[in-house]
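[1] Here is my input; please provide its structure:
(chains A, B, C, D and E, ligands or ions: 4)
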Amino acid sequence: MADIKLSGIKKSYGKAEVLHGIDIDIKDGEFVVFVGPSGCGKSTLLRLIAGLETITDGKLEIAGETVNDMTPSQRKIAMVFQSYALYPHMTVYKNMAFGLTLGKKGLFGGGENKKLIDEKVRKAAKSLKLEDYLHRYPRELSGGQRQRVAIGRAIVRDPNVFLFDEPLSNLDAALRVNTRLEIAKLHQDLEATIIYVTHDQVEAMTLADKIVVVNGGHVAQCGSPLELYHHPANKFVAGFIGSPSMNFLEGTVTAVHAGSLDVLLDYDNSTASIPVHPDEAKLGDKVTIGIRPEHMKEGNDQDFKLSAKVNVVERLGEASYLYLENGENDPLCVKTDGHSTTKAGDKVELCADFSAVHVFNAEGNALARTTSDEKYIAPKLSA
Amino acid sequence: MADIKLSGIKKSYGKAEVLHGIDIDIKDGEFVVFVGPSGCGKSTLLRLIAGLETITDGKLEIAGETVNDMTPSQRKIAMVFQSYALYPHMTVYKNMAFGLTLGKKGLFGGGENKKLIDEKVRKAAKSLKLEDYLHRYPRELSGGQRQRVAIGRAIVRDPNVFLFDEPLSNLDAALRVNTRLEIAKLHQDLEATIIYVTHDQVEAMTLADKIVVVNGGHVAQCGSPLELYHHPANKFVAGFIGSPSMNFLEGTVTAVHAGSLDVLLDYDNSTASIPVHPDEAKLGDKVTIGIRPEHMKEGNDQDFKLSAKVNVVERLGEASYLYLENGENDPLCVKTDGHSTTKAGDKVELCADFSAVHVFNAEGNALARTTSDEKYIAPKLSA
Amino acid sequence: MKLSKRVGPLGVHAVLMCYTLIALFPIYLVIMNSFKSKKGIFRDPLAFPTGTTFDLVGFEKVIARSSFDIYFTNSISVTVISLVFVLLLGAMAAWALAEYDFPGSNMMALYLAIGIMIPIRLGSVSLLKMIVGMGLVNTLTALVLVYTAQGLPLAIFILREFIAQIPNDLKEAARCDGVSEYRIFWSIILPLIRPALATVAVFTMIPIWNDLWFPLILAPSQETATVTLGIQQFIGQYVTDWNAVLASLTLAIVPILILYVIFSRQLIRGLTSGAVK
Amino acid sequence: DELVIESWRTDDLEIWESQIIPAFNKSHPDIKVRFAPSPPTEYNANMNAKLTAGTAGDLITCKPFDASLDLYNKGHLTKVDDLPGMENFSSVAKSAWQTDDGSTTFCLPMASVIHGFIYNKEAFKELGLEIPKTIPEFMATLEKIKEDGTYIPMSMGTADQWEAATMGFQNVGPNFWAGEKGRKGLIDGTEKLTDPQYVKVYEHLAEWGPYLGKGYKGQSYPDSQNLFSLGRAAIYPAGSWDISTFNGQADFEFGAFPPPVPAGQETCYISDHTDIGLGINAASKNVEAAETFLSWMASAEAGSIFSNALPGFYALSKHELTISDPVAQEFVSWRGKCESSIRNSYQILSRGTPNLENDLWNTSVGVINGTMTAEEAAKKAQDGLASWYKPQQ
Amino acid sequence: MALKNQRGSFFRTHVLVFLLPAALIYTLFMIIPLIDTVRYSFYDETAEGITSFVGWDNYVLILTDERWWTDFRNALENNFIFFIIHMFVQNPIGLLLAALLSLPRLKMANSYRTLIFMPTMLSVVIIGFIWKLILSPLWGVGDTLVGFVGMTDGLPALLGEESTALITLSFISVWQFVGIPMMLIYAALLNVPDDLVDAAIVDGANQWTAFWRIKLPLILPTIAMVSVLTFVANFNAFDLIYAVKGALAGPNFETDIMGTMFYRTFFGYQLQPGSATLGATVASLMFLVILCGVMLYLFVIQRRLQRYQL
Ligand SMILES: Nc1ncnc2c1ncn2[C@@H]1O[C@H](COP(=O)(O)OP(=O)(O)OP(=O)(O)O)[C@@H](O)[C@H]1O
Ligand SMILES: Nc1ncnc2c1ncn2[C@@H]1O[C@H](COP(=O)(O)OP(=O)(O)OP(=O)(O)O)[C@@H](O)[C@H]1O
Ligand SMILES: [Mg+2]
Ligand SMILES: [Mg+2]
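    Ligands and ions are numbered 1, 2, ... in the order given. Modelled structure (predicted):
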C-alpha cells in the first residue's frame, strides 16, 4: 500500500542542482537505507519525500498517487530527525500527542478525541518503554530516551512511511548498538515502509533490505547489502561499503585470454591472471584491482599473491590489522586474526581467492567476473 | 626526561569530588591512553596535567619536578583539543605561530625572532603536509586538515608532553583511520610522551603503549591493551574493552574443585566447570561468567557449551552477528563469519574455549584462571 | 489552511511592504519636500518635486546660515571617539566579568548593569558641576566622557553574554601556549566578538548622535555644537520657514541613515549569533 | 576676548549680526560681540544650568520679573544701577528687573512688546470690512469673514498653549480689568480672578473657538504665523514682534488694530509688556566690555537701531523713537491713545506653585477648546493662586 | 566562567586592568551624579541657593500635597497608559513583523528589516518635528491621507485634543521604536532550530500553528525581556513629549509623564523657577517606580519562565 516511486527527481537550490535525476522504487514494507558521503544529497532526498522541500523536477508517487504537491501530513509520512527535534517546552506525553491534536477542525482544539489520543500515546510509550517518562521534559532525558521519544512521536501518527535522518548519530557507541536493534525490531513489528539515512556502514549493512548508495546527487548503486558488499558496481561503492575500506592496486592489462585478463600490478610488478570477462577490457588498459582487507590472509595457498613489508600493526585483540608499505599512497590494509605474531618491519606473503578480487576499468566500473561465486550469495534475511 | 608521576591526585568542584585519588606513572616517551565512560573524569585529569585546573590534593611531577603550581606554559606541555580550538580569525600559519610570537620580553612584540618562528612553522607544516594550506583560514579546511593544524600548533612549541583530548571524535570514519595512523607515526618520530583521551575502543587498543581505564573518578585498571583485553581485572574493564561488548551470564557456584569451579548458569540451567582458582570463591556464591562475542563459535567442539535461539542476525559481509534470546536482559551476541547461513529463529549450538571464559565474583573482580593462556600474550608492538 | 498556503507568500509580502511604507513614508515626505519650493510644499505636499516646484533654497539657506561642516565634524568626532571607548572599555570589562571568577564579580556585574535602567540625565546638575570643576566645559571631551559612561552598562551587558559563548577551548589553548591574558583579549576575544561589537555600536551610536541634552548644557558653544544641537537651534530660528526646516531635517537624517545601512549587515549577524539576552 | 550674548530670540540672529553688532562696532571696533541664542523652550533650563556651571555668556538676556530675580538672588547677575545710561530709563521700565523693594536693578531694560491684532488689508478690502472698535463689532467682523468662507476668520492655535494665553487672554484682557488697576488689585488681594471682569475675559475667549481655523487645537504657533502669512487668514491676534516675521514672509499688505473694547467703554487699555532686558553675568571675565556694551545699548542711537531693525520691539529708554515701519509705528502709536499695562501674571504672582502664568495658559486653552466654562477656568486659576499666595487667601 | 588558576596577585592585576577603566568612568560620570541627585532630594534650597537638610519633607510634599500629588498621579497614570500602549501595540507589531521576517526562505527579508528599523535611528527631536508637520492642520498631509481611505472631514487635531493627544504621541513613539522589539524577537526566532518547525510541519501543523505552538512558547523569555526593556524605556521617556508638546505637556497636562514632570520641576518652565531639590525628589521617585518594575520582572516573571535549551 505504501510503495514509493521516485522518477527522475531533481532538486535545485537557486542555480545549484543538488540532485540530478533520482529513480528509486521502494516496495511496501521495505527497509531502505540511503548512504553516501557527506553532502551527497541524502537529507535533501529525504526531505523531498517528506514534503519539506519542493521537488524541482520529476515525479514522486506514494501508494500509486502523485504527491508532489501534497503537504507532509497529507502524505501520511512521519519523520525522525537527527537532532530529534523534540519540542523542548512540552513533556514527553505532549510531544507525542502534538501531531494528533492538530486536526482539521480548529486552531487549538479539535483533532482526534482526547481519549483516543491518550490511548495511542500510551500504547506507543509502552512499546518503547517510555511509560515512566511521560511527564518529563526532553531535557530530563538521556540521549537514548530522547531518541525513543522521537520514534514514539512518529509511531502514534500511524504513518504509511517512516523517514529517519541519521537517527543514531548523536548516541554513544553502546547505545547505538541497542537502538539499532530496536529499530530493526520496530520494522518487524510495524511492517511499515522505512527510509533511513545514515553514513554509518554498520547500520546500513545490518538494517537494510535495500541500500541506495548516493554519490554527488546520483544513485551510485542500489541493492541488498550483500550484493553491494560482494558485487560493487563501481569503485566508489566498492570503497564506500566495508570497513576498513577495500584496498586498491593500480595495474595495466598485459594480456587478454578467454575468460581472464593478465594484469601487471604497479605495486610489485607482479602479474596476476584474473578471471573476468575479457571483452570488457583491451590490452594496455589501466585497470584497478580491489581486494578487501578481510579477504587477504597471510600465506600463499590461494591464487592471488602479494608480498609486502609491514609498516604498522594494530592489535585489537580479536583481530589485528597489518598496514603495508605503499609508497606515497594510502597503506594497504590486511586483517589477520588476533593471534598473529607479525611485527612491524616484517616481510609477509599474502594471498587471496580470485573470487574476492574485483577489477575496475579506468572509468571505475566493475568488470564482470567469470568465476562462480555463489558462496557469497547468502540467503537474504527474512526479517 | 618527561616522566610524569601522579600521586593521589584529587579534584573537587565545589563540594563534588570528581577524582578520588589517582596514581599513575608515565614513562618518558610512552603513549598513554585514558579511556572510560562519559563523565568519568578523563578530561578533568588531562586538564589537571595541563595546568588548566588547579589540583585539589595530591602531587603532580613532570620530569621529577613538582609542577602543581606552575602555569601551563611553564610545564612545557602542549594540548590538542577535541574541538581543535583553532583561532577562527587567523590563518593556519598564524594559528601555528601564535604561541611562539610571544617570549618573555614584552606584551605584544618581542619573543623569538621572526625567522626562527617561520622556520619552525614551515617545518611542522611540512611534516604534516600542510604547506599548501598555510594561508587558509580554519573554516576553509576539512576536518582532517583542521586536526593536523591543531597538532601542528602543538608541535611547533616543541613540548615535552603532548596532551590529546578526544582529537578524532569530530572526524568521519574513513578520516579517523588515517589520522589514527598519522598520530601513531608522529609518536614514533617525535619520541615525546603522549597522553591521549578517547572513548573509542579501537583508538585506545591500537595507539596505546598503556591504557588507563578510568571509572567514576578511580583508575579501574592500567596496563597494555592486550593485557586489558585478555585479563580484565574486573567486570567493568571486561565490559568496557572490546566491541561488541563481552557477554555476561549470571550463575551460582555449585561445587568447588581443586583448580576449577562448577557454575550453574541461570541462562539455560546448564552447569559448566571452569578452570579458575577455587579458593577465591565458595559454594553458593553468585558469580558472573563473561565471554566475548568473537570467542564463541557455532558448534560444540569446545569445552564451554551453550544452546540458544537466534533473535536477530546482522550481516556485515565479512562477519555476521547473531543476537540470542536472553529474556529481559540485553541479548547475547555471537560473532560468526560472513558466510554463516544461520537465520533469525534458528536454534544454534555454541561453544567456547575455557581459556576465553572469564569469571567475576559478586564484587565484579575477576578470579584468576588456572589454565595457561600464554597464547594470548602476544608480543608487544615495538612501535 | 489551504487558502493560507496559496495566499501565504503574497500576503506576507503585502503585510511587510505595508509596514515598510508606514515606517518610511514620513521620512520620505520630509526628504522629498525639502527639495521643493515653498509653494510646492504647501500646495501639494505629496507630489514629487517637478520642474516648477524643484527648489534648493532651503539647503542654500541652511548651508549659508549655519556651520554644518563644523557640526558634522563635531558630531562625528564625538560619536566615533565615544564609540571606541565604549566598545574597548566595555569589552575589557565584559571579558573580566565573564572570564574571571573573582570575589564580588556578580555584585560588580549588577552594579554595572544599574546604569541600563536609569537615564544619566537625572544626574545632570551634579554632572555639570563636576565637568566645570574639571575645566572641561565647552569641550568635546566632556561629551565623550559622559557618553562613554552612558554607553558602558548596556555594552558590558551585551558583550558579556557574547564572550561567555566563546568556546573555553580557545582561551585555554592560548593559555597552554603561554599567551598572556592581555594578548588573549586583544588577539582572540576582540576579533571574535566583532559582530557583537557592531550590534553594540549601533545601539550606542543612536543615542549619542541624536542627543540634544548634553551638547546643550555641557558644550553649547558654536565651536562644539553637534548636528542635533545645530539643527535644533536652526529649527528654532526658522520655525516658520519650512524650506529651511525641511532641509535641515534632511541634512540631519541622511548621514545617520547612511551610517546605519553600513552597520546593518553586521547588526543582524551580531544579534543572531547569540541573542541579546 | 569675544563678548557672548545669551538670548532666547533665535529669530533675531540675523538682525543682530547684520545690523546691531556692526553698529556697535563702529564706535567700539575693538570689542568683538557674538549673539548666541538658544531655543526659547529650553532657555530657562539652559541658562540655569549654564550659569550654575559657569559656562554662560557674558551678557544674559533677561526675562522679566521672577526668572531673572531668581538669577540675581543666586548671584548670577550683577547690579547695573550705576551703569552709565541707566538714567535714561523710567522706573516703570526698570520695574521688571528690580528687586521687590525696587532698590536694585539688575538688567538693562531693552524692549517691550505690544499686543493687538494684525489683519490682512487686502482681505478686509475684498470683503468690505471695517476695522472693529468694540467687541461686538469684532465678533460681527469675524462672523462676516466666516460666512464668506474665503478666509479663515482668525489664525490662532491652542496646541502650544501659551499662544492662547498671551495672544488671547493678555491681549484683550486689560480692557476688561482696567489695565494696571486690575493687575495691582490681584497683587494686593483686592481683586480675585473669579471677579466678573476676569470671568468676562474667559467668556470672550470662549467665543473665539468657532472662528479659528479647522484643527486649531493641533495648530502650533508657527502654524498660526504661516496660516496668516500665506494669506489664508484674515485676522491674527498678535504680539508686535510678529511684525518682522510677516514683513519677511507675507506678500500682501497688512495692518494692525488695538484690542477692541467692551461695548460702551471709553478708555482703552493695551498690554505694553516689558519683555526683554539685558544683564551682566556675574561670572563674566569681560565685565568691562560688557558694561561698555550695555551703556551703548542704553543710548539713543542703539534704541533707534534696535527698534527699527526689529520692528515690533520698542526700546524702553526715554529717548524719542522714530520708527519707519508703518505697522510697528501703528502699534507704538497706541501708547498715546490707551493706557499701558503689563501682563498681569508676571510680577510676583508666578512665584509659587502652581504659578499663575501656567494656569492662565491652561485655562485659556480650556475655554477656547470648550473643555472648561469661563467660571471653571476662573475658579481654577483663582484656586491655584490662592493655594500659595497669602494676599489672595 | 571560572578563574582557572588562582595564582594570587598575578591574576588579580589583570582583572583590575580590564575592569578598572570602565568601572571608573562609569562610577565617576554616572553613579556619583545619580547618587548626588538622590542626596539632593533630602535637601531644601532657598532663593539664595543655600541648602539645608530636610529629611523626607520633599517626599511628603510631593506625595501628600494635593496639587503635587494630583500632578504626580496624573503623570504616573499617563505614563502607565503610555506603557500599556507600547506593550500591547508596539510589542505585538514587533512580534508579528519578526515572525513574518523569520519565515523560511522569505525573499528580501534583509531589506525589510533594514528599512523598518530606520525610524529607530532618528533623533526624537526630528521624529517629533516630522509628525508635528504631518499632523499639522496647516499642511494637510494627514487630511489628504485619510481622504484616500474615505474620511472626508479630514483628520481631527490629534495632538491638540485632550482625548487623543497622549494616545497619538504613544503611537508616534510606537512607530519609531517598533524596530527594537522586532530585532530582538527576530534574533530569538532565528535561534529556534529549523528542525523543530519541520517536525511540527511533518506532524501536520501549518506555519501558523507551528508559530503559535512551537516558536512562540520557546521565545517567551525574550518577550518577557522585551517587555521589561519597554517598561524601563517608557518610564524614562521624555524627549518625544517634550519635543512635541513642550514641558507643560498640554493640553491640560494630558500628555504629562514622569519625564516631563521631572524636567518641569527640576529646570522650571517659562515663569516657573526650577527646584533642584524637588526635581531630585521626582527623579528619585521615578527611579523607585522603575526599580519596582524591574524587580517584578526579575523575581516573579523571569523565575517562572524557563529558558529552554534549544
Ligand atoms: N537550503 C539549501 N540551500 C542551498 N544548498 C543546500 C541547502 N540544503 C542543502 N544544500 C546543499 O545540498 C547538498 C546536499 O545536502 P544534504 O544535506 O542533502 O547532504 P547530506 O547527504 O545529507 O550530507 P550529510 O551527510 O552531511 O548530512 C549540499 O551540497 C548542500 O550544501
Ligand atoms: N567546571 C566544572 N564544574 C563542576 N563539575 C565539573 C566541571 N567540569 C567537569 N565537571 C564534572 O566532572 C565530571 C568529570 O568530567 P570530565 O569532563 O572530566 O568527564 P570526561 O570523562 O571527560 O567525559 P566525556 O567523555 O563526556 O568528555 C563530570 O561529572 C562533570 O560533570
Ligand atoms: Mg544530512
Ligand atoms: Mg571529556
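[2] Just the pLDDT for the residue of chain A found nearest ligand 2.
    Each residue of chain A has a distance to ligand 2, by Cβ to the nearest ligand atom, and the smallest belongs to A:Asp172, at 8.8 Å. Backbone N, C-alpha and C define where each C-beta goes, glycine included. The score at A:Asp172 is 71. That number is its pLDDT.
[3] and if you look at A:Ser224?
    The pLDDT attached to A:Ser224 in the predicted structure is 91.
[4] So what's the model's average confidence on the helix or strand hosting E:Ile201?
    Element membership for E:Ile201 (DSSP states H and E) is helix E:194-202. Averaged across helix E:194-202, pLDDT comes to 89.
[5] ok, and for the helix or strand following that helix, which residues are buried?
    Sequence-wise, the next helix or strand downstream of helix E:194-202 (DSSP H and E) is helix E:207-210. Counting neighbours by 16 or more other Cβ atoms under 10 Å in any protein chain shown, one finds that the buried residues in helix E:207-210 are E:Gln207, E:Thr209, E:Ala210.
[6] Just name the closest of the residues you listed to chain A, please.
    Compare each of the buried residues of helix E:207-210 with chain A using Cβ to the nearest Cβ and the shortest gap goes to E:Thr209, at 6.3 Å.
[7] Distance-wise, check that closest one relative to ligand 2.
    With the distance defined as Cβ to the nearest ligand atom, to the nearest Å, E:Thr209 ends up 38 Å from ligand 2.
[8] Pick out the residue of the stretch 151-300 of chain D closest to chain B.
    Scanning the stretch 151-300 of chain D for proximity to chain B using Cβ to the nearest Cβ identifies D:Lys285 as nearest, at 46.4 Å.
[9] Next up, the contacts around the residue nearest to that residue when sequence neighbours are not counted.
    Of all residues not flanking D:Lys285 in the chain, D:Asp1 sits nearest, at 6.7 Å (Cβ to Cβ, 6 or more residues apart in numbering or on different chains). With contact taken as Cβ atoms under 8 Å, 6 or more residues apart in numbering or on different chains, D:Asp1 is in contact with D:Lys32, D:Lys285, D:Asn286, D:Ala289.
[10] thinking the residue of chain A closest to ligand 2 is in contact with B:His199, fair?
    Yes. Counting by Cβ atoms under 8 Å, a contact exists between A:Asp172 and B:His199, whose distance comes to 7.2 Å.
[11] between those two, which one's more packed in?
    Shown here are A:Asp172 and B:His199; by other Cβ atoms under 10 Å in any protein chain shown, B:His199 has more neighbours (19 against 14).
[12] If I look at the closest residue to the more buried one other than its chain neighbours, what pLDDT would I see?
    Counting by Cβ to Cβ, 6+ apart, B:His199 lies nearest to B:Val35, which is 6.3 Å off, once chain neighbours are set aside. Note on B:Val35: pLDDT of 92.
[13] Not counting sequence-adjacent ones, nearest residue to E:Thr265?
    Once its chain neighbours are removed from consideration, E:Thr265 has its nearest residue in E:Gly279; the separation is 4.4 Å (Cβ to Cβ, 6+ apart).
[14] phi, psi of the one you found?
    Recorded main-chain torsions at E:Gly279 are phi -60, psi -40, according to degrees, to the nearest 10.
[15] tell me the pLDDT at it?
    As predicted, E:Gly279 sits at a pLDDT of 87.
[16] Just the residues contacting stretch A:138-152, thanks.
    Under the criterion Cβ under 8 Å, 6+ apart, residues A:80-81, A:84-88, A:90, A:92, A:95-96, A:121, A:124-125, A:128-130, A:133, A:167-168, A:170-172, A:175, A:178-179, A:182-183, A:186, E:308-309 lie in contact with stretch A:138-152.
[17] still on that earlier bit, the helix holding E:Ile201 and ligand 1 in contact?
    No. Contact check for helix E:194-202 against ligand 1, using Cβ under 6 Å from any ligand atom: none in range, with a minimum separation of 9.5 Å.
[18] Appreciated, that's everything.
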